[in-house]
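K.L.:
Okay, here's the prediction I keep looking at, along with the sequence it came from:
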Amino acid sequence: MQKALFFDIDGTLVDFQGHMPESAKEALGRAQQNGHKIVLCSGRSRMQMYPFLLEMGFDGIVAATGAYVECAENVIYRHFMSKEEISTITALLDEAGACYSAQAGEYMITSVKHKERQLARFRSLGDTEMIDQIWKRLRISENMNQEQGIEKFVYYESEMTVKQIQERLSGICDVTESSFESAVQDSGEITSLGINKSYGMQKYLECAGIARENAIAFGDGPNDFDMVEYAAVGVAMGNASASLKERADMVTASVNEHGVAEAMKKLGLI
C-alpha cells in the first residue's frame, strides 16, 4: 500500500548544524523506489530550505508550517496573514521587546533594529549554511502593516513567555514555542489560526489521492505535535522533546544515530 511520508527538517532529516546523515538520504530514495511519496513538512518557508534537499526530488512540500503546499511540483495552496493579524502580532511583539521577522514566500522581512539581534542568535547556533539560506533574500521594512504576502512570524528574545504570548493571541493566531532550539520560552512562531502542519498535510493528501490512514509523520519539536497526531503513525526522533515523544506512536534513534532509516525499516517502508 502506497504511503505518504512527511518529514520535518531541522532535528529530523538534518541536525542543527545542517548535516544530513547519508543513511537518511538512502532511505528516502529507497522509499520512493518502493512506491511511497516523500514530503518535506517544515516550519521553514520554501525559500529557506536547503538546496540539497530540494534537489532530492521530494514529491511534495509543506512549508511555513502549513501556509504553503506543493504537490508534484505544483503549488496547490497558499495562505497569507491579514493586515489585522499583522498589526496585532507586531504590536504585541513590540510590547514584549522581542526581535522578530516575517516569512513572506521568497523573502524574509525584518527591520533594521531586529536584523542584527536575530543574526547574532543564529550565529550562536553555529549553522552558517542555515544563516545563508534564511538571510540571502532579505527585505528591510519599518512598517510590517504595509507588507503583503506574509505567511508567518518568528520571534526571539521576548520578555513575555510563549504561554503569555499564546494567551494574548488566543482565538486570533496560533503560537508555538521554537522548534529550532531546545525548550526556550523566549522564542516562538506565530501562524494564522488553524494554519499548521497537519492542515498542510491534509491539503497534500487530498491532492495526491492518498488516505489519511496511509500518512506517516516524522518530527522532533513543538511545531510537530499536530503533525504526528494527525498521521496514522507518528514517529518521534530520539532527540525529540519529551512532549512529542508522548504524542508519538513510535520513538526512533536520534537524527545523527540514523533514526530516520531505522524507523523506516521497522515500518517496512524500505
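P.N.:
Thanks, I have it.
K.L.:
which residues in this protein form helices?
P.N.:
Listed in chain order, the helices found in the chain under DSSP state H are 22-33, 51-54, 83-95, 112-125, 128-135, 162-168, 197-208, 225-230, 242-247, 259-266.
K.L.:
least reliable of these going by mean pLDDT?
P.N.:
Between these, the one with the least mean pLDDT is helix 128-135; it has a mean of 64.
K.L.:
tell me the centre residue of the chain?
P.N.:
Geometric centre of the chain, nearest residue: residue 43, 1.8 Å, by C-alpha atoms, centre = their mean.
K.L.:
quick one, what contacts that residue?
P.N.:
Contact analysis of residue 43 by C-beta atoms under 8 Å, 6 or more residues apart in numbering lists 10, 64-65, 152, 154, 179-180, 189, 197, 223. All C-beta atoms are positioned from the backbone trio N, CA, C, and that covers glycine.
K.L.:
In terms of pLDDT, where does residue 101 sit?
P.N.:
The model's pLDDT for residue 101 equals 93.
K.L.:
For it, give the beta-bridge partners.
P.N.:
residue 154 (DSSP bridges).
K.L.:
Tally up the residues packed near it, please.
P.N.:
Residue neighbour count, defined by other C-beta atoms under 10 Å, stands at 23 for residue 101.
K.L.:
Could you report the separation of it from residue 4?
P.N.:
31 Å (C-beta to C-beta, to the nearest Å).
K.L.:
what do you get for residue 252?
P.N.:
In terms of C-beta to C-beta, residue 252 sits 18 Å off from residue 4.
K.L.:
now swap in residue 13 and tell me
P.N.:
As judged by C-beta to C-beta, residue 13 and residue 4 stand 16 Å apart.
K.L.:
One more: residue 105?
P.N.:
Taken as C-beta to C-beta, the span from residue 105 to residue 4 is 24 Å.
K.L.:
neighbour count winner among these two?
P.N.:
Neighbours per residue (other C-beta under 10 Å) separate residue 105 from residue 4, with residue 4 holding more: 24 against 19.
K.L.:
So what pairs up with that one in the strands?
P.N.:
With DSSP bridges applied, residue 4 shows beta-bridge pairing to residue 37, residue 215.
K.L.:
wait, doesn't it sit right on residue 208?
P.N.:
Yes: between residue 4 and residue 208 there is a contact under C-beta atoms under 8 Å: 6.3 Å.
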